[in-house]
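# Have a look at this prediction, sequence included:
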Amino acid sequence: MKVSIRPENKNDYPIISMINDMAFGQENEGLLIEKLRKNKSFIKELSLVACLGNEIVGHILFFPVNIKSKEKTFKTLALAPMSVIPELQGLGIGSQLVQKGLAKAKKLGHESVIVLGHEGFYPKFGFKTAGSYQISAPFDVPENSFMALELVKDSLSTVEGTIEYPKEFNEV
């Protein structure tokens, strides 16, 4: 199913929250997006919607986070959240959102992305376990669900540390 993908605009906010809440079966993701939009690090070009005609049917957000070790801090993006209206899941809309979002992130100069997501979905885009890059989550998660992707070859080869999420992720 081919959709058009574009950056969000203010008129999209309510439907984006609704789609995320429907897809995740709770209000946390919609609330998270609302809070992240108010953070000065928010990148409008990396909050994308998928449209069928004029109807928004999916959303993806990439947000800057840090990988922090004792000596250094590295910048990366967190892919979170990504959602598609439940009735349209499994039709390739999420894949198109991920592909377009990764391409846009790379075009904007970002070198890597981390995701806490479905271990059967994200590897097809090149994601590998974050542990294979010496990157860990700040909380307990299944190893196969916490993944990283190099948008620029070897950008994570010298990186090690723990992801540092902004406070908004902890508030929902």
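Nice, I can see it.

# Next up, the contacts around the residue of the chain most remote from its centre.
Residue farthest from the centre of the chain, counting by C-alpha atoms, centre = their mean, is E71 at 26.2 Å. Not one residue lies near E71 by C-beta atoms under 8 Å, 6 or more residues apart in numbering. (Each C-beta comes from the backbone N, C-alpha and C, glycine too.)

# Would you confirm that it belongs to a strand?
No - read with DSSP: H, G, I helix; E, B strand; the rest coil, E71 is coil and lies in no strand.

# Model confidence score at it, please.
Note on E71: pLDDT of 92.

# what does the helix of greatest length in the chain contact?
For the chain, the longest helix by residue count, based on DSSP state H, is helix 93-107. In this structure, residues lying in contact with helix 93-107 by C-beta under 8 Å, 6+ apart are 1-3, 5, 45-46, 48, 50, 57-60, 62, 77, 79, 82, 84, 113, 121-122, 124-125, 149, 151-152.

# Give me the buried entries from these.
For these, a neighbour count by 16 or more other C-beta atoms under 10 Å gives the buried set as 3, 5, 46, 48, 50, 57-60, 62, 77, 79, 82, 84, 113, 122, 125, 149, 151.

# and L32, what element?
L32 belongs to helix 28-37 when assigned by DSSP states H and E.

# Can you show me the CA trace of that helix as CSV?
Provided in CSV are the C-alpha atoms of helix 28-37 (Å, rounded to 0.1, in the frame of the first residue of the first chain):
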residue,chain,number,x,y,z
ASN,A,28,1.2,7.2,27.0
GLU,A,29,2.6,7.5,23.5
GLY,A,30,0.3,10.3,22.5
LEU,A,31,1.2,12.1,25.7
LEU,A,32,4.9,11.5,25.1
ILE,A,33,4.8,13.1,21.7
GLU,A,34,3.0,16.1,23.1
LYS,A,35,5.7,16.5,25.7
LEU,A,36,8.6,16.0,23.3
ARG,A,37,7.3,18.7,21.0
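
# That concludes my questions; thank you for your assistance.
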